[in-house]
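Chemist: This is a predicted model, with the sequence first.
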Amino acid sequence: MGAGRSQDECYVGTCCCYVIAAEWPRPPRRLGILGAVAVIEVSELSYYLPGGRRLFDGVALRVADGMHAALVGANGTGKTTLLRLIAGEEKQTAGSIHIDGRVGYMRQFIGTHGAETTVRDFLLSLAPPAVQGAAEELVAAEFIVARPHGKKAQMRYADALARWGEVGGYDFEVLWDTCCGAAMGVSLDELGPRLLDTLSGGEQKRIALESLFRSDADVLLLDEPDNFLDVPGKRWLEAAINSSPKTILFVSHDRALLAATSQRVITIEGNGSWVHAGSFETYQQARGSRVTRIEEERKLYKAEHDRLISLMKEFKRKASYNDKFASKARSTEKRIERFEKTEAPRERPEEQNISMKLGGDRTGKIALRIEGLCIAGLVDPFDTEIWYGERVAVLGPNGTGKSHFLKLLGGQDIVHSGSFKLGARVEPALFSQLHERPDLVDRSILEVLLKRGIEMSRAMSALKRYELSLAARTPFPSLSGGQQARFQLLMIEVDRPTMLLLDEPTDNLDLDSAEALEEGLIDFKGTVIAVTHDRWFMKLFDRFLLFDDDGGVTGSLVSPYEDVAVS
């Protein structure tokens, strides 16, 4: 539990997001109306992983009332953990956390839901625990009263209805109806009974975000809220953040979204943190200046430290024949101790040096020929040819069949009609958007490489190139989202395909990793087909396949998103 909140104020559940609220149950404030000043303050925060390894130390930040601050840093530095600490889901090793205001928290991953989970169940999981409890009681009472019953059942049903009203259940139903309309264009009555699995990841995320932004939370903690959103969804998110009076701390790797929404940039780096008092547009320049200052500090420190050491050695040498220098030597030793303790320079941030050698090889001129390909209910019949060496981006709204298309090309059993044919010597490899790799569950990532016949030194060298050497003994499911993405790309490198099928590969990659992937794709000798909603990443591609809501597929040399038009 974070400092500054009592146990009654925190809710830890399995849903993807929720509102942390004091004094529940009680009639909620009118939804969407903000209350008191909302501030996040973190001081000297430290967190050590099980086993004693330090994740970060001395993290300090303040997000002022109404400010929108981005939280950035390399994969695995602790951004998600920091949000979990602030939300009260975990306990820090040291330091303090204080929040003024009610907190809405969205986790990085939507989470797992049963096969029978409906959209209404999902929306209910986003509500405070008192509302969830009242809903459970109401369902149970409705079940009893629907059968032959007596006065006790009627009283229980009446009490459940009263309780539902007391905790604000009817207000939440109005909120949910508004969210369904805003996100999907339909009412709660129509969308609520649908199975959640029939919605795309982006549609689920949009509904959850609508719920949070329209809630009476004063503070929002959003862990990669843009993941799974299509470009219109990301533009909506930008507008929602920029127009919101709420205090927002969010993690994102989307460079376009960061530039459009951040007022402050908080970086987890060098086992600590630092704050850029400006937007992401000026962040890289500020970070470069900071690194330069740290290098100067370290040079000055080393020069003075070397001078004191030389002075102490000189006093000790003279003390061997003149006792009066012995006290000066001891005094200098103490001076050095104080200097090392009080004047130690800041840690130099470790630069990631990720190198992706994706390889590839020459194939036939036509890498892929498609004739009348149709995925029923998603994609109408279309024809196209993709030539060796092309970089083709697959664009379009969520739910239009783009991932199904890539899975089909990758050899998965996707029901379809029409035909597609890979060219001579074309060997495809699929990067999974959801990191679905059941084959990697039970072994460390180092063991995975060794089992594929890669000898130890070469395996460790490859992991080091992908900044994964420290996680070598970690099972794939325990890696961060970005580390999982990098390991998937390493596995593709090991397989040496000649066609890359990438389903939103940059979603969980940090900024350095995304740039390393872009460099790797430029050097790749083969064909690349990628589904992406990353407007920065789109600039890499030669042409586009546009999947629309009506099932049509068209080709274009120009992106439909004008900020990434290709000349």
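Modeler: Arrived safely. Predicted model, so just to flag it, every value in this text is computed and none were measured. Numbering: from 1, shown residues only.
Chemist: where exactly do the helices run in the stretch 51-200 of the chain?
Modeler: 79-87, 119-125, 129-145, 151-166, 169-184, 188-191 (DSSP state H, counting those that start in this stretch).
Chemist: Please name the residues that touch W274.
Modeler: When contacts are counted by C-beta atoms under 8 Å, 6 or more residues apart in numbering, W274 touches 266-267, 290. (C-beta placed from N, C-alpha, C; glycine too.)
Chemist: Looking at those, state which has the most neighbours.
Modeler: I266 (25 neighbours; other C-beta atoms under 10 Å).
Chemist: and the next element down the chain from the worst-scoring helix or strand of the chain on mean pLDDT?
Modeler: Every helix and strand of the chain was ranked by mean pLDDT, DSSP states H and E. The lowest is strand 17-20, at a mean of 57. With elements assigned by DSSP states H and E, the helix or strand that comes after strand 17-20 is strand 39-48.
Chemist: what is the mean pLDDT for stretch 355-366?
Modeler: Averaged across stretch 355-366, pLDDT comes to 93.
Chemist: Alpha carbons only: can I get that stretch in PDB?
Modeler: The C-alpha coordinates for stretch 355-366 follow below in PDB (Å, rounded to 0.1, in the frame of the first residue of the first chain):
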ATOM      1  CA  SER A 355      21.600  -4.400 -32.600                       C
ATOM      2  CA  MET A 356      19.200  -6.500 -34.600                       C
ATOM      3  CA  LYS A 357      20.700  -8.600 -37.400                       C
ATOM      4  CA  LEU A 358      17.600  -9.800 -39.000                       C
ATOM      5  CA  GLY A 359      19.500 -11.200 -42.000                       C
ATOM      6  CA  GLY A 360      17.200 -12.400 -44.800                       C
ATOM      7  CA  ASP A 361      18.200 -13.600 -48.300                       C
ATOM      8  CA  ARG A 362      17.300 -13.200 -51.900                       C
ATOM      9  CA  THR A 363      14.000 -14.800 -53.100                       C
ATOM     10  CA  GLY A 364      11.900 -14.900 -56.300                       C
ATOM     11  CA  LYS A 365      10.900 -11.500 -57.700                       C
ATOM     12  CA  ILE A 366       7.300 -12.000 -56.700                       C
END
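Chemist: What are the contacting residues of it?
Modeler: Residues outside stretch 355-366 that contact it (C-beta under 8 Å, 6+ apart) are 385-388, 423-426, 465-466, 489-490, 492-493, 496-500, 516-517, 519-521, 523-527.
Chemist: Quick one: distance of that stretch to the chain centre.
Modeler: Its chain's average C-alpha position is 29 Å from that of stretch 355-366, according to C-alpha atoms, centre = their mean, to the nearest Å.
Chemist: for stretch 44-57, same thing?
Modeler: 20 Å.
Chemist: Kindly export it (C-alpha atoms) in PDB.
Modeler: What follows is stretch 44-57 as a C-alpha-only set of coordinates in PDB (Å, rounded to 0.1, in the frame of the first residue of the first chain):
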ATOM      1  CA  GLU A  44      13.100   8.900  -2.500                       C
ATOM      2  CA  LEU A  45      11.300   5.800  -3.700                       C
ATOM      3  CA  SER A  46      13.200   2.500  -3.900                       C
ATOM      4  CA  TYR A  47      12.100  -0.900  -5.000                       C
ATOM      5  CA  TYR A  48      14.000  -4.200  -4.900                       C
ATOM      6  CA  LEU A  49      12.900  -7.300  -6.700                       C
ATOM      7  CA  PRO A  50      12.500 -10.600  -5.000                       C
ATOM      8  CA  GLY A  51      16.000 -11.900  -4.600                       C
ATOM      9  CA  GLY A  52      17.400  -8.500  -3.700                       C
ATOM     10  CA  ARG A  53      18.200  -7.000  -7.100                       C
ATOM     11  CA  ARG A  54      17.600  -3.200  -7.200                       C
ATOM     12  CA  LEU A  55      15.100  -2.100  -9.800                       C
ATOM     13  CA  PHE A  56      15.300   1.600  -9.000                       C
ATOM     14  CA  ASP A  57      16.400   3.800  -6.100                       C
END
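Chemist: what's in contact with it?
Modeler: Against stretch 44-57 from outside (C-beta under 8 Å, 6+ apart): 58-60, 77-78, 81-82, 85, 90, 92-97, 268, 271-273.
Chemist: Just the residues you listed: which are in strands?
Modeler: Among the contacts of stretch 44-57, DSSP state E puts 58-60, 94-97, 268, 272-273 in strands.
Chemist: what's the closest of the contacts of W274 to D216?
Modeler: I266 (25.3 Å; C-beta to C-beta).
Chemist: Parallel or antiparallel, which strands does the one helix or strand that closest one maps to pair with?
Modeler: Using DSSP H and E, I266 maps to strand 264-269. Strand 264-269 has the following sheet partners, assigned by DSSP bridges: strand 68-73 (parallel), strand 272-276 (antiparallel).
Chemist: and those, which is most packed in?
Modeler: strand 68-73 (a mean of 22; mean count of other C-beta atoms under 10 Å).
Chemist: Need the residues that contact that one.
Modeler: Against strand 68-73 from outside (C-beta under 8 Å, 6+ apart): 61, 63, 79, 82-83, 241-242, 244, 247-253, 258, 261-269, 280, 283, 510-511.
Chemist: let's see it at 7 Å
Modeler: Identification of contacts with strand 68-73 by C-beta atoms under 7 Å, 6 or more residues apart in numbering yields 63, 79, 82, 241, 248-252, 258, 261-269, 280, 511.
Chemist: ok, now stretch 318-338?
Modeler: Taking C-beta under 7 Å, 6+ apart as the rule, stretch 318-338 contacts 308-309, 311-312, 315-316.
Chemist: is it possible to export these to CSV including secondary structure?
Modeler: CSV is the format used below for these (DSSP: H, G, I helix; E, B strand; the rest coil):
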residue, secondary structure
L308, helix
I309, helix
L311, helix
M312, helix
F315, helix
K316, helix
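Chemist: Buried subset of those as a PyMOL selection?
Modeler: To isolate the buried members of these in PyMOL, using 16 or more other C-beta atoms under 10 Å:
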select buried, resi 308+312+315+316
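Chemist: Let me have the contacts of stretch 318-338 in TSV, adding pLDDT as columns.
Modeler: Shown next, in TSV, are the contacts of stretch 318-338 (pLDDT from 0 to 100):
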residue	pLDDT
L308	94
I309	94
L311	94
M312	93
F315	92
K316	91
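Chemist: what's the most distant pair in the contacts of stretch 318-338?
Modeler: L308 and K316, at 12.6 Å, using C-beta to C-beta across the contacts of stretch 318-338.
Chemist: residues contacting the residue nearest to the spatial centre of the chain?
Modeler: Centroid-nearest residue in the chain: E224, 3.6 Å away (criterion: C-alpha atoms, centre = their mean). For E224, the contacting residues are 108, 251-252, by C-beta under 7 Å, 6+ apart.
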